[in-house]
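# Pasting the sequence and the predicted model now:
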Amino acid sequence: MERKNFRHELAQQLRVDSVRSSAAAGSGHPTSSMSAAELMAVLLDGHLRLDPGRPDDPGRDHLIFSKGHASPLFYACLKAAGAIGDDELLTFRKLGSRLEGHPTPQLPWVDVATGSLGQGLPVGAGLALTLKRLDRVPSRVWVLCGDSELAEGSIWEAFDHAAFWGLDNLTAIVDVNRLGQTGETMHGWDLDTYAERARAFGWDAIEVDGHDVDAIERAYEQAENTTGKPTAVIARTKKGAGVAAVEDQEGKHGKPLDDADDAIQELGGERELEVRLASPPNVEAHRFETPGGERPAYELGDEVATRKAYGEALKYLGDVRGDVVALDGEVSNSTYSEIFRDAHPDRYFEMYIAEQQLVATAVGMQRRGWRPFGSTFAAFMTRAYDFIRMAAVSRASIRLCGSHAGVSIGEDGPSQMGLEDLAAFRAVHSSTVLYPSDANQTVRLVELMADLDGIAYLRTHRGNLPVIYGPEDSFEVGGSRVVREGDDVTLVGAGVTLHEALAAAERLAADGIEARVVDLYSVKPADAKTLARAAAETGGIVTVEDHWPEGGLGDAVLDALSGAGGTAHVRKLAVGAMPGSGTPEELIHEAGIDADAIVTAARELVGAKATA
């Protein structure tokens, strides 16, 4: 079959299979899939270098459907390439199927979960950066974008960073089909506006008829031959192309066709074409160097900020592990990731003030086997929260550090105070939440993070904290540390509040009240066994945290006790009112989370027990 005709027929097959799978499911987005059929047919036939039998081939290209709702098209592509069979295609959206409503890495050919629009291109940029700067292989990243998602700011973070990095191995294929979910998109078929914006960000931009296979071929060849900048192929298409009942019609988004059989006949019927993808470049898997280094150690009684210990621990990890990379959001002199940057500049990546791109890049890097650590102020992690949530859906393993947490940062005020980070990260599936209380503990927890699966989060403080653990002390995820024994009441803290709890315990002892002090450095998972024993033996627990009352350390304790079947009187001390500026000591006192407040709460609990 002549190549142009083959590509036309392949595109029609992709449409038919999109219609069939959506009809079998009774749901889906076939019209959003049909618009991009030629764009994918040409990509499969000669441009995408991928062996379906070796999804982890280090030389392979990466294809990301940023418009993840067009999953019927993606699965139709997999079938055409021989990766899945027709029987599996028709399990689309059924319980237990790998072919979920939006693609996830349940399928080995899926690099990242998409469906939350605006995320595929940022992750694609991160992957392209990884291929170019870390793996140093000639592989390419192709990202299919929808025109609706170009309203997302994260898309333009990706455009900006990809041009700055000179990612000529990245091509964004923008399916401009004019229609969104509820009507026409912001710019309709105004391809010039999209192209001008791409060029303004430093991209090459090519406008094409997205149903002309020859024009698409020329655009892809130009993208492959462009150096020094990424390429955007801006393609004018019709939603539901090929079926008169839905082509370029409003109100047809996100639903199967009313008469799938008629539509299939109109498209020329079912086909069984197979496309042989181009072979990936022959490259060796990356080998990580492990040169060696000396673990940081701090003397008992020294005062060291946990954020600085994080930076020194990260540098040490970079010394002993060649797979560790670091990213930061232009605050590396505050998070202290600059220590890693100065020691390992080839594995440090400045994300500037673009937290969504920071997390997206980390997700891309881990897909290629690297161990990324990303850092910024805890407060600014919230801007990237949807990316963190979707990283969990992607089964990604990334490590994030939020510094400057809580009112204890002092004079900068509430815009800079991370007060919701513990709750946010506890709510993420597969997450681990760690909260060190001194420098030596920080080092050990950072080491543990390197090998954790899922989303790992470390909370650090701005101010100096006394070193209370020795360099040889060890810690574990899910553990805690009883740093003072007592049978009358239990005080549970972490970070700055652990030290307030220890000061409170000294004052309580002068009154004859022996307080047990627990360092809950692992907030998720929490040490339910130790907490339940404390509840049973002391009967009363005071939790104290530099965080809002909702979802943080106090709620972690309550959840652990509930799961362990423990009972106790629990008093939560947390930041209850909007803070302002002041010294750390003033703000901790005003928030009611200092030693004074802990002493008062503990006395009340002990008194309540005595009269019960």
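Thanks, I have the structure now.
# Poorly predicted segments of the stretch 451-600 of the chain, please.
566-567 (pLDDT under 70).
# if we go to 90?
Scanning the stretch 451-600 of the chain for pLDDT under 90 picks out the ranges 539, 563-569.
# What ranges does it have for its strands?
Secondary structure of the stretch 451-600 of the chain, counting by DSSP state E, counting those that start in this stretch: strands at 455-459, 464-466, 481-484, 489-493, 515-519, 522-524, 540-544, 569-573.
# Of the ones you listed, which stretch is the most buried?
Mean neighbours per residue, mean count of other Cβ atoms under 10 Å, is largest over those for strand 489-493, with a mean of 30. C-beta: built from backbone N, CA, C; applies to glycine.
# Export the strands of the stretch 451-600 of the chain as CSV, with columns for distance to residue 357.
Listed next are the strands of the stretch 451-600 of the chain as CSV, based on distance: least, Cβ to Cβ, whole Å:
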stretch, distance to residue 357
strand 455-459, 17
strand 464-466, 32
strand 481-484, 37
strand 489-493, 35
strand 515-519, 35
strand 522-524, 26
strand 540-544, 36
strand 569-573, 36
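# and residue 363, which of the ones you listed is closest to it?
strand 455-459 (10.1 Å; Cβ to Cβ).
# Can you tell me what sits against that closest one?
Strand 455-459 is contacted from outside by 310, 378, 388, 391-392, 396-402, 405, 418, 421-422, 425, 428, 430-436, 442, 445-446, 449, 495, using Cβ atoms under 8 Å, 6 or more residues apart in numbering.
# Just the buried ones out of those residues, please.
For these, a burial check counting by 16 or more other Cβ atoms under 10 Å picks out 310, 378, 388, 391-392, 396-402, 405, 418, 421-422, 425, 428, 431-436, 442, 445-446, 449, 495.
# any low-confidence regions in the protein?
1, 284-292, 539, 563-569, 607-612.
# ok, which stretches of the stretch 1-150 of the chain are strands?
Counting by DSSP E, counting those that start in this stretch, the strands of the stretch 1-150 of the chain are 62-65, 141-146.
# Could you dump the ones you listed into a markdown table and include mean neighbour count and distance to residue 254?
Below are those laid out as a markdown table (neighbours: other Cβ atoms under 10 Å; distance: least, Cβ to Cβ, whole Å):
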| stretch | mean neighbour count | distance to residue 254 |
| --- | --- | --- |
| strand 62-65 | 26 | 15 |
| strand 141-146 | 27 | 12 |
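# between those, which gets nearest to residue 275?
Using Cβ to Cβ, the nearest of these to residue 275 is strand 62-65, at 13.2 Å.
# ok, the closest one: who's next to it in the sheet?
strand 141-146 (parallel) (DSSP bridges).
# what's next to the strand it pairs with, contact-wise?
32, 36, 39-40, 43, 47-48, 61-67, 69-70, 117, 120-121, 124-125, 127-128, 131, 155, 167, 169-175, 177.
# Quick one: distance of that strand to the chain centre.
19 Å (Cα atoms, centre = their mean, to the nearest Å).
# Over to stretch 89-98?
25 Å.
# Stretch 327-337 now?
Worked out by Cα atoms, centre = their mean, stretch 327-337 lies 18 Å from the chain centre.
# mind starting the numbering at 19 from now?
Sure thing, new numbering starts at 19, so read that last one as stretch 345-355.
# got the buried residues for it?
So stretch 345-355, judged by 16+ other Cβ under 10 Å, has buried residues 345, 346, 347, 349, 350, 352, 353, 354, 355.
# And for stretch 164-183?
In stretch 164-183, counting by 16+ other Cβ under 10 Å, buried: 164-168, 170, 172-181, 183.
# now stretch 513-533
513-523, 525-526, 531-533.
# Sort out for me which of those are in helices.
514, 515, 516, 517, 518, 519, 520, 521, 522, 523, 525, 526 (DSSP state H).
# Next up, the contacts around the nearest residue to residue 64 once chain neighbours are set aside.
Sequence neighbours aside, residue 296 is the residue nearest to residue 64 in space, at 6.0 Å (criterion: Cβ to Cβ, 6 or more residues apart in numbering). Going by Cβ under 8 Å, 6+ apart, residue 296 touches 64, 65, 66, 67, 68.
# rewinding a little: from the buried residues of stretch 345-355, pick the one nearest residue 129.
Scanning the buried residues of stretch 345-355 for proximity to residue 129, where the rule is Cβ to Cβ, the winner is residue 345, at 18.0 Å.
# So the closest one, which state does it fall into?
strand (DSSP: H, G, I helix; E, B strand; the rest coil).
# Touching, it and residue 370? I think so.
No - counting by Cβ atoms under 8 Å, residue 345 does not reach residue 370; the two are 10.5 Å apart.
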